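Chemist: build the 3D model from these lines:
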Amino acid sequence: MIVPPQIKVFTGAILSLFSSANAGCVFASDKRDLRSIPPHRVRSLSSARAGDGGVPTGGYDAVKKDIVDILTVSQAFFPADFADTVGANYGPLMIRLAWHCSGSYRATDGRGGCDGGRIRHDPEINWPDNANLDKALKILEPVKESYGSDLSWGDLIILAGNAAIESMGGPVLGFCGGRIDDIDGSNSLVLGPSDEQEELTPCVTDGNQGNCQGNLGPTTVGLIYVNPAGHLGNPDPAGLILDDIRYSFGKMGMNDRETLALAGGGHAFGKCHGACNDPPCGEGEMTGKGINTVTSGFEGAWTTAPTTWTVSTSFFVHLVMLLL
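Modeler: The predicted model follows:
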């Protein structure tokens with residue numbers, strides 16, 4: 001297949017980002033300047049469980065090895081994708097977990113993000129965009145239990161994303177550890193949907209859902225960034241979805257280049273789930289699991305090699321071909 005020139009530009013941008021130098025670890029205990037942390041987060045740090053945020057026994061490399069060991073072992077409670085093709089692999093699910101834990105961050109007031117590990121709690125775990133990520137957390141539970149309070153959920157979730165990418169042949173910049181878990185999801189209430197969010201940034205109850213503005217990071221409350229079906233559900237690739245993407249990722253402090261790298265890199269792996277047209281599907285223990293899994297409502301792998309790093313080229317090639 002001939003790769004269009006614009007695809008080569010996309011790929012070059014992605015590779016240049018992956019080769020960039022690490023800017024340093026903001027979570028390290030000796031570098032955490034409380035003056036740079038939002039007040040709500042300082043309160044969380046002062047009341048966090050003792051031990052979380054430390055370095056686990058054996059270091060982070062030992063944790064990553066333990067994560068890799070479970071990525072290709074399919075579990076009955078939530079069978080892994082690709083078991084009947086290239087082999088069972090939870091890697092793409094872990095990348096999604098790490099991104100959705102991180103993608104709630106908004107630069108407007110410093111709220112959100114995976115520091116705190118609040119994706120384990122309501123309201124975040126019940127956002128529509130986070131469907132089935134409770135299963136990803138359950139898959140990681142044995143690793144968390146083996147390290148106890150020396151390993152925070154926030155660090156474990158990000159490590160799982162890194163380990164997944166590396167195990168499938170992809171590049172990783174490095175790892176910044178030291179996140180401290182919140183004991184509940186109260187610091188996520190302002191992210192919505194909640195009474196607090198509606199008071200500060202009305203969006204849902206006033207019928208403006210899908211056009212959310214103000215401090216909110218996503219354009220649609222309950223989603224990490226934008227509606228994958230298009231602006232207000234209109235699947236027009238040349239429409240306002242482009243503005244939505246730039247607005248939403250800009251709220252996370254990301255420029256166009258970084259947004260492109262994240263979208264392309266993330267979609268080099270995994271698939272979307274929507275084989276079941278009328279959920280819940282399946283019977284008994286297989287309701288909503290395996291081939292009956294539904295998250296986005298769309299169905300199919302993003303590339304022809306969903307568990308292998310392909311420098312994102314094939315994702316962009318297929319995407320452009322759909323638009324031609």
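Chemist: for the stretch 151-300 of the chain, which segments count as helices?
Modeler: Secondary structure of the stretch 151-300 of the chain (DSSP state H, counting those that start in this stretch): helices at 153-167, 195-200, 241-251, 256-266.
Chemist: repeat that for the stretch 1-150 of the chain.
Modeler: 5-18, 39-46, 59-71, 91-102, 133-147.
Chemist: least reliable of those going by mean pLDDT?
Modeler: Of all these, helix 5-18 carries the lowest average pLDDT, namely a mean of 40.
Chemist: from the helices of the stretch 151-300 of the chain, which stretch is densest packed?
Modeler: Of all those, helix 153-167 carries the top mean neighbour count, a mean of 25, counting by mean count of other CB atoms under 10 Å. Using the backbone N, CA and C atoms, a C-beta is placed for each residue, glycine as well.
Chemist: which helices and strands does that one pack with?
Modeler: Counting by 3 or more CB pairs under 8 Å, 6 or more residues apart in numbering; DSSP states H and E, the packing neighbours recorded for helix 153-167 are helix 59-71, helix 91-102, helix 133-147.
Chemist: got the contact list for the first one?
Modeler: Contacts of helix 59-71 from elsewhere in the structure, counted by CB atoms under 8 Å, 6 or more residues apart in numbering, are 56, 89-91, 94, 139-140, 142-143, 146-147, 151, 155-156, 159-160, 162-164, 166-167, 175, 177.
Chemist: now the angle from it to helix 91-102?
Modeler: Relative orientation of helix 59-71 versus helix 91-102 (axes from the mean of the first three to the mean of the last three CA atoms, to 10 degrees): 130 degrees.
Chemist: now helix 59-71 - C-alpha only, PDB.
Modeler: C-alpha atoms of helix 59-71 as PDB (Å, rounded to 0.1, in the frame of the first residue of the first chain):
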ATOM      1  CA  GLY A  59      11.200  -1.300  42.100                       C
ATOM      2  CA  TYR A  60       8.900  -0.400  39.400                       C
ATOM      3  CA  ASP A  61      10.500  -2.800  36.900                       C
ATOM      4  CA  ALA A  62       9.500  -5.700  39.100                       C
ATOM      5  CA  VAL A  63       5.900  -4.400  39.100                       C
ATOM      6  CA  LYS A  64       5.900  -4.100  35.300                       C
ATOM      7  CA  LYS A  65       7.200  -7.700  35.000                       C
ATOM      8  CA  ASP A  66       4.300  -8.900  37.200                       C
ATOM      9  CA  ILE A  67       1.900  -7.000  35.000                       C
ATOM     10  CA  VAL A  68       3.200  -8.500  31.800                       C
ATOM     11  CA  ASP A  69       2.800 -11.900  33.300                       C
ATOM     12  CA  ILE A  70      -1.000 -11.500  33.600                       C
ATOM     13  CA  LEU A  71      -1.600  -9.600  30.300                       C
END
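Chemist: next, the angle from it to helix 133-147.
Modeler: 130 degrees.
Chemist: which parts of helix 59-71 are buried?
Modeler: Across helix 59-71, burial judged by 16 or more other CB atoms under 10 Å covers 60, 63, 64, 66, 67, 70, 71.
Chemist: TSV for those, including distance to residue 226?
Modeler: Output for the buried residues of helix 59-71, formatted as TSV (distance: CB to CB, whole Å):
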residue	distance to residue 226
60	32
63	32
64	31
66	34
67	29
70	32
71	28
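Chemist: out of those residues, who's nearest residue 241?
Modeler: residue 71 (32.2 Å; CB to CB).
Chemist: quickly note the distance from that closest one to residue 113.
Modeler: Taking CB to CB, to the nearest Å as the measure, residue 71 falls 24 Å from residue 113.
Chemist: repeat that for residue 97.
Modeler: Per CB to CB, residue 97 is found 14 Å from residue 113.
Chemist: who's more crowded, the two?
Modeler: Ranked by neighbour count (other CB atoms under 10 Å), residue 97 and residue 113 place residue 97 first, with 28 against 19.
Chemist: residue 307 contacts residue 90, correct?
Modeler: No - using CB atoms under 8 Å, residue 307 makes no contact with residue 90, being 10.0 Å away.
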